[in-house]
Structures are given as C-alpha cells and as structure tokens.
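Engineer: Okay, here's the prediction I keep looking at, along with the sequence it came from:
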Amino acid sequence: MLLVVTYSAAARTGLRNLCRRHESVVARRFGRAALFDETVYAAFLALRLRESHGGDVQIERTEPFNEFVAVDDEVRGAAAAYADRSAKSTPYAAFAAGTEHPDPDAMRGREL
C-alpha cells in the first residue's frame, strides 16, 4: 500500500479532490492522509500530487502488520487478557505485575 500524508491546506484539498475523482485506487482516507492500493496508477497519482505541492506531500510504502509473525504469543495473549480485565481502570503495569504477562518496560525496549 502507499501512504500519502499531506502537511498543508492546499495539499489536503488536492488529496481530497484526488480521492473523490479516483475512488478505485483509494483503500482508506484519514483526513490529511490516505492509503492507496499498490498499483502503478496509484503511484502516478501520488507523485502527481507531490509534484503539485512539493514537500507538503509525503509518500511512504507500507506493508500490512501481521501480528502472528511480528509479535510473540505472550504479547498477543497479554493484549487479549488486558482487554478482557474486570477492572477497566487498572493500568497495564499494575495488571501485569506478578503474572506471566510481559513487563511494559521490557516490551518498550524490544524491536518488532
């Protein structure tokens, strides 16, 4: 997918108009950003927008996040258990203390 992010009002207007005219290449819109299908035509449209607005348009190539490849079972299990906790106001650090769930500080230091 191609992520197109705009940083000015004129570029946002251009992105909005582009998305309206070429709905077939737009996977998702987020206001000042949009995800385009990974096609040559979508790349052409994104590049055309950047040519019109210069540095106010950023284009990035993205790949879907596969949680089963990128994240350990323990992290997925901790996320599910935390979402299903009985006291919704309990912060994760307190929830994980004294359990087999991963420590938040340890997770912060690990790369995906």
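Structural biologist: Arrived safely.

Engineer: residue farthest from the centroid of this structure?
Structural biologist: Gly98 (32.1 Å; CA atoms, centre = their mean).

Engineer: What pLDDT does the model give that residue?
Structural biologist: What the model reports for Gly98 is a pLDDT of 92.

Engineer: Quickly note the distance from it to Arg85.
Structural biologist: 14 Å (CB to CB, to the nearest Å). C-beta coordinates here come from the backbone N, C-alpha and C atoms, glycine included.

Engineer: now the helices: where do they sit in this protein?
Structural biologist: 9-21, 40-53, 67-70, 73-83, 92-96, 104-108 (DSSP state H).

Engineer: Could you dump those helices into a markdown table and include distance to Leu2 and mean neighbour count?
Structural biologist: Putting those into a markdown table (distance: least, CB to CB, whole Å; neighbours: other CB atoms under 10 Å) gives the following:
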| stretch | distance to Leu2 | mean neighbour count |
| --- | --- | --- |
| helix 9-21 | 12 | 15 |
| helix 40-53 | 6 | 15 |
| helix 67-70 | 21 | 8 |
| helix 73-83 | 28 | 13 |
| helix 92-96 | 33 | 14 |
| helix 104-108 | 30 | 11 |
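
Engineer: Gly31 is nearest to which of these?
Structural biologist: Closest to Gly31 of the helices of the chain, according to CB to CB: helix 9-21, at 7.5 Å.
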